[in-house]
Every structure is written in C-alpha cells, then in structure tokens.
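> Got a predicted model here, sequence first, then my questions.
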Amino acid sequence: MEGFEPAVGETSKGKAFRWVRLPQWLAMKRSFKIPYWRRMWIIQELPLSQNVCFRWGQQSIDLPILQKATATMRRRKSKRYYEDGYRNLGYLLKIVGKEQMKKLVPLDDIHSLTFIALARESRDKIFDALGLTYEGPLLIPESDYQRPLDDILRDLTIRRLF
C-alpha cells in the first residue's frame, strides 16, 4: 500500500490523479470488473463487515482509502470514475457508506444502487435488497423461499402502494 494512501491524499487536495497508475489501484480496478462484486450477497454482506481490506494478487487496499479514492474521483468528475470496474465499486461503496453511517436507507435508494446486482434467483435479490433497507421488515416480514415469486412480488407491490 506504500505510496497509494499519500497519493490519494494529494489528489483530494486538488493535485493530479497520479495514484490511478499505481499497481494497487490498477489491481483493484481489474478486480472490480469481475462479476463477483455484483453478486447480491456480497453487496449485502460487505456493509456489515467491521474491517475490510480488498486484496487482488499481491496488492491490497483498506476500505477507508478505497472510499476516499472513489469519492475524490466522483467529486472531481473524473471520466475514469465511469469506466468498467469503477461503477461497480461506486455502487458498492455507496451502500457501505450509508450502512456505516447507520443511516436509514429507503428502498428506492437500495433499488437504484443494486439494479446491477446479480443473484442466483430473483427471491435472493429481493430478500437481500430488503435486508439493506429499513422498510424491508414492513414490506416482507420474513424471507419465505417456498412462496411463489409472483405472490412475493404482488404482496411487495401492494404493501409499497398502501
């Protein structure tokens, strides 16, 4: 991680994005392109973790540094932020940030942040997304994988409307 954290700090103070060429960042960018990071269960579990360090090969970046780096890119409107990998990371870190701040996350926000998520089946995506929002227990009190998907969606829609 040597060199990465100070370089991110320089960028947040308005200096050039020299850290985007460092091996740690390039490794992380490659890693976030893979579908693993779009899996709904990863999106759901990551915010609940106490200490997160991302590793890819020999490279690693701690979560707070990664959050600072992506926030700086977003603030400075870097085109790099919208490339593959960065976007997946951005969605993931927004959810992590909201959970870390113990903010009550509305379903609309979770939906907009998880629309790219992958799940083995539709019920997984629904139940996992609802687990990230304060509205989840009100909309679907328990995760019932025996219920037909159409019934779950109908009930969810009715509760959401009324």
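That came through, no problem.
> From now on I want contacts and neighbour counts done on CA atoms only, so please keep to that.
OK.
> how is this structure carved up into domains?
Listed by automatic domain parsing, the domain ranges of the chain are 1-103, 104-162.
> Least confident of those domains, on average?
The minimum mean pLDDT among the domains of the chain belongs to domain 1-103 (a mean of 72).
> Could I get the full set of helices for the protein?
Assigned by DSSP state H, the helices in the chain fall at 4-12, 23-32, 40-45, 63-75, 86-100, 107-114, 122-131, 136-139, 149-161.
> Would you mind giving these as a markdown table with mean neighbour count and distance to residue 52 added?
Below are the helices of the chain laid out as a markdown table (neighbours: other Cα atoms under 10 Å; distance: least, Cα to Cα, whole Å):
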| stretch | mean neighbour count | distance to residue 52 |
| --- | --- | --- |
| helix 4-12 | 18 | 16 |
| helix 23-32 | 18 | 14 |
| helix 40-45 | 19 | 11 |
| helix 63-75 | 18 | 5 |
| helix 86-100 | 19 | 11 |
| helix 107-114 | 16 | 20 |
| helix 122-131 | 19 | 20 |
| helix 136-139 | 16 | 25 |
| helix 149-161 | 12 | 33 |
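> and of these, who's closest to residue 53?
Closest approach to residue 53 among the helices of the chain (Cα to Cα): helix 63-75, 5.7 Å.
> Who are the packing partners of that closest one?
Packing partners of helix 63-75 (3 or more Cα pairs under 8 Å, 6 or more residues apart in numbering; DSSP states H and E): helix 4-12, helix 86-100.
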